Every structure is written in structure tokens, then in C-alpha cells.
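Peer 1: Just a sequence and a predicted model for now, questions to come.
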Amino acid sequence: MDLHLIPGAAPTDLERAAVDGALGPPDSGWDGGERRPKLDGHIAHGGRDARARRHLLLPALHALQGRAGWISPGALNYICQRLTVPPAEAYGVATFYSMFSIEPRPATVVHVCDDIACRIKGAKELGAEMEKSLGPAGSQAHRGNAPGKSGSAHGKTGGAMWLKSPCLGLCEHAPAVMFQVAGGKPAASGPRAGDATGDWTLAPARTADVLAGITGRRALGRPRGASTPQTRTGAGGADRASAGAAPLRLLRRVGRVDPESLDDYRAHGGYAALRRALALGPEGVIREVTDSKLMGRGGAAFPTGRKWDAVAKQPAHPHYLVCNADESEPGTFKDRVLMEEDPFALVEAMTIAGYAADCARGYIYIRGEYPLALARLANAIEAARTRGLLGDDILGSGFRFDIEIRRGAGAYICGEETALFNSIEGLRGEPRNKPPFPVQVGLFGKPTLINNVETLVNVLDIVVEGGPAFAAIGTAQSSGTKLFCVSGCVAAPGVYEAPFGATLADIVKLAGGVGAGRTLRAVLLGGAAGSFVTPDEMDVPLTFEGTRAIGASLGSGVIMVFDDTVDLQDTVLRIAAFFRDESCGQCVPCRVGTERQEEVLHRLADAAAARDGRRVPAAATEVALLDEIGQAMRDASICGLGQTAAGAAQSAIKKLGLFGGGR
Ligand SMILES: Cc1cc2nc3c(=O)[nH]c(=O)nc-3n(C[C@H](O)[C@H](O)[C@H](O)COP(=O)(O)O)c2cc1C
Ligand code: SF4
Ligand code: FES
């Protein structure tokens, strides 16, 4: 392969050490090491060996970004030599993700969420304060401090810069920020990757705290109030639950178990499910999962048992398991709460899934903005391995399985399953055409079982109690309980668990309802890819079939509540900007359609403002154009991003009468 390295660009010692920390030292002159004329002149390494290591590109880029604070041409050259990747391709990958920079950056970059939940909780004001202290978003005016020395160079702001960010998955504590801090110890690759990151989050974020965080005056580490899930339920003095509500299942250990202790997890019933699974055998486990009628919780609601069975029966080997922990849908934070507060549950559930579908290895692909969940999962995997719950002979059963973590780097599209595979493989995170489906041709071209975090954690109770017992909870077509991410204008935002069939009104009530003296204006159901529902639709049962009946969808379980104080046009414009930003650009209907959609919405907003909120005569033409764009995106986009990008805006116009449109 002709590498065409960037002429004259060499890595610094620090950059070389960062890459070697992730990849291990080079073997020979062929992969970036010292050239040993005698040996390397006779034996050529490369080709297949090098291609087999391409999946280390993302960890190597993370290591560089985390250590040096940016990806310089010299460092990129070195990665390309080490992995035999053409620089044009590595550049294409490095520039795909928002957490990587190919320009020098200060050691501390503050990502300030300006997405929909945070905008109604002071994100714009926080952004204005950041601008006063650090200059405009993305400005390098304060650049200059060496990585690892935040607080040293520029007085009170420490040479940091700030950027506007899409949803950080902390909406229940809005407004949220994430500190991306370069300079720590050398990054490790694989499961211990969580140890290496100096990144941290803060929510709710007040200006004084953010500035203190930049100058290092606030201890780095666990943010305040990492999660506020519903932690108790049932009759008699429940926290925020109505009397007589069903017992918690997925959340029952949250807030009660020490997320860093395997012993405590076991004391709370942990690993009973794996023992039961090993007794049932792979086919028995799949039978229980099929009988449970569990449907995927990642948004597409595919029957889980069917997927497991299909992968288990594939003749090609190895099989892979992937846990989709990308959770980047604005308004979604349930998987984060599970991973932060009950990480061993996910590790155990993945072990069962790997056993049932005969998978050789499991990967957790976790979004880059979840540093605490990353660290806790890394700890859980390590502890499980040490105690023989992962590895070559799990619980003496002869079953061999291990889990690796892959950290995303800021790209919503990487939650789409095939984009996620490409991302792990060291390619740009662009979705693949389907078919072939992942069960046949998935990660590394092999049969792959991919499930969402919440889907997998459900399997623990299914295995212990049996599929039929699980199927008896909820409704005939939507079995079990569901986690709902309630945010926006409610008294107690957080993750709430309820059996399928609870109504939207029930869940909003569980979260304390809208504030005193305020009226409910709308609810965004299913996130940016979902749609708005009106106050007269609050009795909709929250099931796959119930929401479908009103033309909505549960999606990832987002319930974002808006009262009469919220500028909903601003919310819809932000959603449109989100899709325009996050489109991977691979197919025309989505790449161009998301741009045009945003333009039309801005024209409609300007016209409506000029008319002082009265109906706009020209709106009909613009709305018709919007419909046409939406139809083209739905019909002709490769993946679900383009197919759902028009839903929220169209429901806002048609159901809420926004932008001078009308019912
Ligand atoms: C644009 C887009 C983003 C997605 N993001 C996620 C995500 O963050 N987490 C997730 O579990 N599924 C996500 N999905 C759905 C996955 O493609 C896939 O259906 C899911 O991981 C399958 O798991 P399940 O059967 O357990 O739901 C996304 C889909 C699309 C089209
Ligand atoms: S629909 Fe959008 S995000 Fe999906 S492949 Fe096409 S351009 Fe990429
Ligand atoms: S964290 Fe800001 S909208 Fe979700």
C-alpha cells in the first residue's frame, strides 16, 4: 500500500508515546519502529496483519487527543505507519468525530450543551457567560497552555476554549457541560480505556462552577448528582411514585448497590441469572427470551428472541456481540443511568447473550460523552475477569467470552447499528446498506448480535423468572417494563420505570407534572427522531402499538415536557439544526434534505415573526415544500436518521400550529 505520508511531518515524543500506549510498541521498521536493516530487509510485515489492526484506529486517535489535545499531521503520519492506513483515510476518520481536532486546541475544551432540554433550562444564558469569559464558541483566542497544565497560562480561564454541543445525555440535570481535558497519563486501549480519560461532566452547570472547573479549582471526578432515577416505588411512602405502582425491575439496584463492587452486586442477586443461563443451555436461554416477547429498546422495537436465534444459527464464525451504548438521541439518558449505577448488570447480561448466541467476543460501544459510565464499566469488566466471570472458562463451564469497550467520539449517527460497526472497524461512521443484515454480515463481516443496553439488562429477569412471567407484564404486544427519560418542564426530571401500558399522563404525573400555575403545551415523544403530542393526547398508552395508533413512536423512551413558557419554535429549529449537523452526508436526500428543511423552517419563523404570530398566508406553500422534502427523506434515505428527520417539525406544524401552520 502506498502511504503517501504528509511530507515532513514527524510526531513528537509525547505523541509517539500516546500512540504506543494504545497500540503497544512497534515490532519493526515496517510499522513505524526503528529500522533494523538486517532483519527488516529480509522479512516484510504488512498486508493482512496490518489490516487486522485497523480497528485500533479509533482507540489510537482517542489516545492522541486525550494526551496531546489534538491530532497533528506528524502524529497522524505515525498512526498511519503503525496501522498501515493511508493518511487520506485516517484524516477522513479523524475529521468525522466532534471530539477530535486536527487543529491545536487548549488542554481544556468545555462542551456546553445547547440542545433542546438544556435550552429551556438556561443553556443560552450559560453560553453567553462563556462567551464573556472565553470568547466566541470555538475561538482559539485563549489558546496556549500545554496539555495537562490547565489553569496555568491565562489567568482565570486557564487557556480553555468552549464549544456548543448537542445533547450530552444529562438532560435531567440540565444545563449540562462536559470537560474534555487533555494531558493525563498515557491512554490504555481496550477494556481499561476508562482509566485513561481526564474528561468529566458537570450538571446542572452554573457559570461559576464551570469557570472553577476550567481553572482546576473544582476537583475533577464525579459530577454532582450523576443521576436522579426513580429509586423507590410501591405503596407506602414512595419517593416519586404513585401508591400501588408496580415494583421496579430494571432500576431496582440503582442507588442501592455500590456500582464499583462486584461483591455488593452479588449480594443484591447478581450473577444468579448467569448461573441459571448456564443450566438452561444456549437453546433454553433463547427459548425464554423468545417466550418473553421482549422487543428491542433501542428504538426499532425488533423482537429480541428472533435476533438471538438468527445469530446462534449462523454457520459462519466467529459470532460477535455488540452492546449499543451510543445513546445520543437528544433527551435520552436511561442507558447512562444503568451503566453508571448498575454496570455489573450489563456485563452479566452480555455474558448471557454471548453464551446464547455463541459469540466469541463482546464489544460495548459507548458514547464518548459518558466518562463516568466508561470508567465504571471498565472497572466492572476487570473485576468480572479477575473473578472468572469473564475469560476462558466462565464459572467452570468451559464457556469462553470476553468484553472490550470502544469509546465513541461524538457522532450521533454511530448509534445506527451498521455505522457503529464501521466506527469500531476504524472506518468513518457511515451506515451500510441493508440487507445484508447484521445477523448475517455484521461486525468484521461476521454474524453479529447487536442490542441496546436496556434490552440486554431485561434479559437477567427473563432468565431467572422465565419468559412467560415476563410476557405477563405490560400488554400483549409490548411486554415488560420500560424506562422513560423525563425531562423539561416537570418538577422531578429523571428516569422512570413503568410497565408498558401506563399512559403519558401517568408518567408526567410520576415526575411531578408541570410547575404550579403553568399549563402543558406539548410533549416531545421519542426524542428528536420522534414527534410532538398535544395535551389532548396525554391518555395515550405508552406501548409500541398505542403510540403507533396516534402516529407517534416510543423511540428510545424520551418524554420531554414543554409548558407555556417555552419557545417551541426555537425547539423545532434546534432539532432541524441537529439533523443537519449529524447527517453523515452519505446520501443526497438526507444531506440536502436536512439543509433545505432547516432553511424552510427559518423562512417560516421569520415570516411568522413579521406577522406577529398571526397566520402567515405564504405558509401553505412553504409547508407543502416541507412535506415534499420530508417525503423524499423518508422514502429515499439510506438509514433511520434521514427517514425520521422530518417527523418532529411536521408534527409541530400540523398538531401544534407552529410557524404559522395550522391544524
Ligand atoms: C440514527 C440512529 C441512531 C441510533 N442510535 C441508537 C442508540 O444510540 N442506541 C441504540 O441502542 N440504538 C440506536 N439506534 C438503533 C440501532 O440501529 C439498533 O436498532 C439497535 O441498537 C438494536 O438494538 P435493540 O434491538 O436492542 O433495540 C439508532 C438508529 C438510528 C437510525
Ligand atoms: S440517511 Fe443521512 S445519516 Fe443516514 S446514511 Fe444517509 S446521509 Fe447518512
Ligand atoms: S443534556 Fe442538554 S439536551 Fe440533553
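Peer 2: Thanks, I have the structure now. Ligands and ions are numbered 1, 2, ... in the order given.
Peer 1: Point to the helix or strand of the protein where mean pLDDT is at its lowest.
Peer 2: Ranked by mean pLDDT, DSSP states H and E, the helix or strand of the chain with the weakest confidence is helix 193-196, at a mean of 47.
Peer 1: neighbouring strands for whichever helix or strand comes after that one, and are they parallel or not?
Peer 2: For helix 193-196, the succeeding helix or strand toward the C-terminus, using DSSP states H and E, is strand 200-202. Strand pairing for strand 200-202, determined by DSSP bridges: strand 177-181 (antiparallel).
Peer 1: ends of stretch 336-352, how far apart?
Peer 2: Counting by Cα to Cα, to the nearest Å, the length from the leading to the trailing residue of stretch 336-352 is 21 Å.
Peer 1: in it, what counts as buried?
Peer 2: Of all the residues in stretch 336-352, those buried under the rule 16 or more other Cβ atoms under 10 Å are 336-352. Quick note: C-beta positions are derived from backbone N, CA and C, even for glycine.
Peer 1: that's a helix at Pro7, yeah?
Peer 2: No: under DSSP: H, G, I helix; E, B strand; the rest coil, Pro7 sits outside any helix and is assigned coil.
Peer 1: What's the local residue count around it?
Peer 2: 7 (other Cβ atoms under 10 Å).
Peer 1: Give me the spatial nearest neighbour of Cys587, chain neighbours excluded.
Peer 2: In space, Cys587 comes closest to Ile638 once its chain neighbours are excluded; the distance is 4.7 Å by Cβ to Cβ, 6 or more residues apart in numbering.
Peer 1: Double-check that neighbour against Thr418; I have them as touching.
Peer 2: No: under the criterion of Cβ atoms under 8 Å, Ile638 makes no contact with Thr418, lying 9.3 Å away.
Peer 1: These two: which is more packed in?
Peer 2: Using other Cβ under 10 Å as the criterion, Ile638 and Thr418 rank with Thr418 on top: 23 against 20.
Peer 1: That one sits in which helix or strand?
Peer 2: Using DSSP H and E, Thr418 maps to helix 417-424.
Peer 1: Mind exporting the C-alpha coordinates of whichever helix or strand comes after that helix to PDB?
Peer 2: Counting by DSSP H and E, the element after helix 417-424 in chain order, helix or strand, is strand 448-452. Output of strand 448-452 as PDB, limited to C-alpha atoms (Å, rounded to 0.1, in the frame of the first residue of the first chain):
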ATOM      1  CA  THR A 448     -23.400 -10.100  14.900                       C
ATOM      2  CA  LEU A 449     -25.900  -9.700  17.700                       C
ATOM      3  CA  ILE A 450     -26.400  -6.100  18.500                       C
ATOM      4  CA  ASN A 451     -28.700  -4.900  21.300                       C
ATOM      5  CA  ASN A 452     -29.300  -1.800  23.300                       C
END
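Peer 1: Mean confidence (pLDDT) on strand 448-452, please.
Peer 2: The average pLDDT for strand 448-452 rounds to 98.
Peer 1: For the helix or strand that it is followed by, name the packing helices and strands.
Peer 2: Sequence-wise, the next helix or strand downstream of strand 448-452 (DSSP H and E) is helix 453-465. With contacts defined as 3 or more Cβ pairs under 8 Å, 6 or more residues apart in numbering; DSSP states H and E, the packing partners of helix 453-465 are helix 272-292, strand 319-325, helix 334-341, helix 343-356, helix 467-471.
Peer 1: same thing but 6 Å
Peer 2: Applying 3 or more Cβ pairs under 6 Å, 6 or more residues apart in numbering; DSSP states H and E, one finds that helix 453-465 makes contact with helix 272-292, helix 334-341, helix 343-356.
Peer 1: okay if I get those as JSON lines plus distance to ligand 2?
Peer 2: Listed next are those as JSON lines, based on distance: least, Cβ to the nearest ligand atom, whole Å:
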{"stretch": "helix 272-292", "distance to ligand 2": "29"}
{"stretch": "helix 334-341", "distance to ligand 2": "21"}
{"stretch": "helix 343-356", "distance to ligand 2": "27"}
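Peer 1: List just the one of those helices that sits closest to ligand 3.
Peer 2: Set against ligand 3 and scored by Cβ to the nearest ligand atom, the helices and strands packed on helix 453-465 come closest in helix 334-341, at 10.1 Å.
Peer 1: angle of the closest one against strand 319-325?
Peer 2: Orientation check (axes from the mean of the first three to the mean of the last three Cα atoms, to 10 degrees): helix 334-341 against strand 319-325 gives 100 degrees.
Peer 1: right, is helix 334-341 up against ligand 1?
Peer 2: No: Helix 334-341 does not reach ligand 1 (Cβ under 6 Å from any ligand atom); its nearest approach is 7.1 Å.
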